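Engineer: Need the 3D shape of this:
(one chain, ligands or ions: 1)
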Amino acid sequence: MKILKIDHLGIAVNSMDDGKQFWGDVLGLPFEGSEIVEEQKVNTGFFPVGESEVELLESTSPDGPIAKYIEKKGTGIQHIAFRVDDIEAALKELKESGIRLIDETPRKGAGGAKIAFLHPKSTGGVLVEICERG
Ligand code: ZN
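Structural biologist: Residues are numbered from 1 along each chain as shown. Next up, the predicted model:
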């Protein structure tokens with residue numbers, strides 16, 4: 001498995017506008033646009049920073065995974081995403097290492113990326129996403 005870089009930090013926010021206020025207006029990061037991922041009931045907003053991005057996550061529904069996350073843990077860093085060169089190979093290798101996978105096969109993320117999550121029980125409590133972009 002080859003990890004190429006930290007692709008993005010996923011940050012749960014109550015509203016995209018609140019998020020934009022800090023990450024965009026205060027820190028001055030450029031807002032690249034937002035995209036709704038229907039399957040995950042989430043609106044994602046991207047702020048490129050260097051080689052990586054800040055990804056704001058706003059739930060589009062009270063029963064979505066991000067809404068539930070905020071209910072339990074509050075807003076803040078929700079996951080860390082690493083870019084890999086070959087996500088299928090990475091998942092296979094992780095599984096063979098005994099890592100519990102939330103996604104056994106990649107699913108579609110924002111921006112056409114292939115993404116998969118590893119279970120925090122196997123990572124010392126961090127929700128880790130791996131992603132591959134074409
Ligand atoms: Zn992500």
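Engineer: roughly how far is the helix or strand containing F47 from the heart of the chain?
Structural biologist: Using DSSP states H and E, F47 sits within strand 42-49. Remark: strand 42-49 is offset 9 Å from the chain centroid, using CA atoms, centre = their mean, to the nearest Å.
Engineer: Then stretch 62-75?
Structural biologist: Per CA atoms, centre = their mean, the centroid offset for stretch 62-75 relative to its chain is 14 Å.
Engineer: Mind exporting the C-alpha coordinates of that stretch to PDB?
Structural biologist: Listed next in PDB are the C-alpha coordinates belonging to stretch 62-75 (Å, rounded to 0.1, in the frame of the first residue of the first chain):
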ATOM      1  CA  PRO A  62     -31.400  15.000  10.900                       C
ATOM      2  CA  ASP A  63     -30.900  11.200  10.500                       C
ATOM      3  CA  GLY A  64     -27.700  11.400   8.400                       C
ATOM      4  CA  PRO A  65     -24.400  10.100   9.700                       C
ATOM      5  CA  ILE A  66     -22.900  13.600  10.300                       C
ATOM      6  CA  ALA A  67     -26.000  14.700  12.200                       C
ATOM      7  CA  LYS A  68     -25.700  11.600  14.400                       C
ATOM      8  CA  TYR A  69     -21.900  12.200  14.800                       C
ATOM      9  CA  ILE A  70     -22.500  15.800  16.000                       C
ATOM     10  CA  GLU A  71     -25.200  14.600  18.300                       C
ATOM     11  CA  LYS A  72     -22.800  12.200  20.000                       C
ATOM     12  CA  LYS A  73     -19.500  14.000  19.800                       C
ATOM     13  CA  GLY A  74     -20.200  17.500  18.800                       C
ATOM     14  CA  THR A  75     -18.700  19.400  15.900                       C
END
